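In: When you get a sec, could you give me coordinates for this:
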Amino acid sequence: MDFRRAESAAHTEELAEGSEHPRKPGQRNDDPAQLTFFEDLKGALTVLDTLLESPEFKIHATRDQLMRMADALEAHAKILRAQAKETSA
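Out: Numbers count the residues shown, from 1 in each chain. Down below sits the predicted model:
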């Protein structure tokens, strides 16, 4: 389980590094608030990855639970996309 978490965290980090956008003028890479925020975000995504990869989750989750979770994640994704459009403007 720990190996899977480490692998998932590495995968999440690779995705984050590969999708980084150019920094805005004056935005520093070493801003502590940004680094903390990014670490919190990576942690949340790692927890989600671990849950979705868990054999127990795959065995015990019902179709209804999976559909509700998918609907909730899609709603969050929609909000994030809207925020991203506002941020890049």
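In: all contacts plus neighbour counts: C-alpha atoms, from now on.
Out: Noted.
In: in the protein, which spans are helices?
Out: 2-18, 32-53, 55-60, 63-88 (DSSP state H).
In: Just send those helices back as CSV, with mean pLDDT too.
Out: Output for the helices of the chain, formatted as CSV (pLDDT from 0 to 100):
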stretch, mean pLDDT
helix 2-18, 61
helix 32-53, 88
helix 55-60, 93
helix 63-88, 93
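In: Including mean neighbour count, could the ones you listed go into a markdown table?
Out: As requested, the helices of the chain are arranged in a markdown table below (neighbours: other C-alpha atoms under 10 Å):
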| stretch | mean neighbour count |
| --- | --- |
| helix 2-18 | 13 |
| helix 32-53 | 14 |
| helix 55-60 | 10 |
| helix 63-88 | 11 |
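In: so what pLDDT did Pro22 get?
Out: pLDDT recorded at Pro22 is 51.
In: And for Met1?
Out: We have a pLDDT of 57 for Met1.
In: which residues sit in contact with Leu73?
Out: Not one residue lies near Leu73 by C-alpha atoms under 8 Å, 6 or more residues apart in numbering.
In: Okay then, goodbye and thanks.
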